[in-house]
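Enquirer: coords below, sequence missing:
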């Protein structure tokens, strides 16, 4: 094949590829949310409390252990699953049980939910339980105004008072 024909064919193929990319970079329009909707995003990374309490070893048990293993308390590693309930205007929109990570179930529990909601003022209630009994002792209730396109993030930060809304 002669060189000018190859260059011409290459230019045509590059042009077709550029037109293909140009069309699909703008044409099917993508909307992350329907119009007149807001988004509640639950993003949680929290290690629950220990599932079983520590127990104190007796003197006989300590004597049977190797010297480097003689810890006075025996604490199981497993942690309780973290439970989160999100209610919007009195109806449940998320009920999550996040199991702890790790082979020994001793890591953090991770939960993520994306909840599109109609824009407007809503009554939001978030409850979290991180103990073995499943007691929802951390609760936050608040009236939130969510304009269209707004993203409200729900997180849990013990150092900042517990359940955080941003």
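Expert: Thanks, I have the structure now. If you're wondering where the values come from, they're calculated on a predicted model, not measured in any experiment. Numbers count the residues shown, from 1 in each chain.
Enquirer: Which helix runs longest in this protein?
Expert: helix 3-26 (DSSP state H).
Enquirer: Centre of the chain to that one, how far?
Expert: With Cα atoms, centre = their mean, to the nearest Å as the basis, helix 3-26 stands 43 Å off its chain's centre.
Enquirer: Mind checking what helix or strand follows that helix in sequence?
Expert: Using DSSP states H and E, the next helix or strand after helix 3-26 towards the C-terminus is strand 37-46.
Enquirer: Which parts of the protein are helices?
Expert: 3-26, 59-64.
Enquirer: Correct me if wrong: residue 62 contacts residue 70.
Expert: Yes: under the criterion of Cβ atoms under 8 Å, residue 62 makes contact with residue 70 at 5.1 Å. Where you see a C-beta, it was placed from the backbone N, CA and C, and this is true even at glycine.
Enquirer: in the chain, which residue is closest to the centre?
Expert: When Cα atoms, centre = their mean is applied to the chain, the residue found nearest the centroid is residue 112 (2.6 Å).
Enquirer: For burial, what's the neighbour tally of the nearest residue to that one once chain neighbours are set aside?
Expert: The shortest distance from residue 112 to any non-neighbouring residue, by Cβ to Cβ, 6 or more residues apart in numbering, is to residue 43 (5.5 Å). Neighbour count for residue 43, taken as other Cβ atoms under 10 Å: 14.
Enquirer: Make sure residue 43 is actually in contact with residue 154.
Expert: Yes: in this structure residue 43 lies within contact range of residue 154 using Cβ under 8 Å: 7.2 Å.
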